[in-house]
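Asks: Model the following, please.
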Amino acid sequence: MGVIGAVRGYVEVTRPGNALAAGVLTFTGAFVAGGVFAAPELVLVAVAATVLATGGGNVINDYFDREIDEVNRPNRPIPRGAVSPRAAIAETAGLFAGAVGLAILLPRTAIIIAVVNLLLLLAYTELFKGIPGVGNLVVASLTGSTFLFGGAAVGDPLGAVVLCLLAGLATLAREVIKDVEDVEGDRQQGLSTLPIAAGTRVALWTALACLSVAVVASSVPYLDGTFGVVYAAAVVPADAVMLTAAWRAFDNPAIGQRRLKLGMYVAIAAFLLGRAVSIVNWTSAIHSVLSD
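Replies: Next up is the predicted model:
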């Protein structure tokens, strides 16, 4: 294996698409909180820290799952020999060190969120992944707090708290539905997921309940006047897609979790649209005052 092959393995093990997507979520949290234009340098630092931390979390997850991946995913970098287990540990340490080095440049609340998330990423596979429901909660909290981290980076974590709650609950529901989809394979591997421990019907009703709370939360920015009718018009279809997806999962979990993911994207777009419209309205109001 040449240098190019080795570099490719080190990049691939971080799952760069996943890491970059997490960075986009952090940017979204900062934008929804209204701080992108006020502190662009802090947003950039937060996004970079998120990408590095997520990449490190992906590497350490592959390290702990290397024996399972030898059977289920032999083409992953560690099982196929592109990255050694020892090198994976070193790469994780480097990525986490970079994330911490960037995070300390941010406000205190953002630093606290970063430290907690790094600890969860390190402990996830070994401590939480095999506990019914707990692993799902950890993944959900990591996803939701990514938005919160973006808001905290610009000094306004509360500005992204509703999006954090909605994304966290929707992610929890999707993770549970995915476990229902994978129940037979997980049972063969000796895993104890929520649908295995409590039954698929209980798991699916739990997912639906989580989404119901998320839908209620999505109405808060409109009801409290943060966002206007444009946001409401965009988020209602997203809520409908997510609820329909959870209900569809009772018959077909695979279709349900894919549609739920789509609904989550639409909901995030609604928050972005709501903030964009409020910025335009705010700018127009200032222009009107100055013109008078």
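Asks: can you list the weak-confidence ranges in this protein?
Replies: Along the chain, segments meeting pLDDT under 70 span 1-3, 5, 72, 280-292.
Asks: Report the central residue of it.
Replies: Thr143 (2.5 Å; Cα atoms, centre = their mean).
Asks: wait, what's in contact with it?
Replies: If you count contacts by Cβ atoms under 8 Å, 6 or more residues apart in numbering, Thr143 has them with Leu25, Ala167, Gly168, Thr171. The C-beta positions use only the backbone N, C-alpha and C, and glycine is treated the same way.
Asks: How about Pro77?
Replies: Gly9, Tyr10, Glu12, Val13, Asp62, Val83.
Asks: can you give me phi and psi for it?
Replies: phi -60, psi -40 (degrees, to the nearest 10).
Asks: Just the buried ones from the contacts of Pro77?
Replies: Buried by 16 or more other Cβ atoms under 10 Å: Gly9, Tyr10, Glu12, Val13, Asp62, Val83, out of the contacts of Pro77.
Asks: And Ala276, which helix or strand is it part of?
Replies: Element membership for Ala276, per DSSP states H and E: helix 253-291.
Asks: wait, I meant Leu52
Replies: helix 40-64.
Asks: go on, Phe147?
Replies: Here Phe147 is assigned to helix 134-153, by DSSP H and E.
Asks: what's downstream of that helix, the next helix or strand?
Replies: helix 161-181.
Asks: domain assignment for this structure?
Replies: According to automatic domain parsing, the chain comprises the domains 1-155, 158-292.
Asks: gap between Thr92 and Pro16?
Replies: 15 Å (Cβ to Cβ, to the nearest Å).
Asks: out of the two, which sits in the busier spot?
Replies: Thr92 (23 against 14; other Cβ atoms under 10 Å).
Asks: helices or strands up against the helix or strand where that one lies?
Replies: Taking DSSP H and E as the definition, Thr92 sits inside helix 85-103. Counting contacts by 3 or more Cβ pairs under 8 Å, 6 or more residues apart in numbering; DSSP states H and E, helix 85-103 is packed against helix 40-64, helix 108-123.
Asks: Please point out which parts of the last one sit buried.
Replies: Within helix 108-123, the residues that count as buried by 16+ other Cβ under 10 Å are Thr109, Ala110, Ile111, Ile113, Ala114, Asn117, Leu118, Leu120, Leu121, Leu122.
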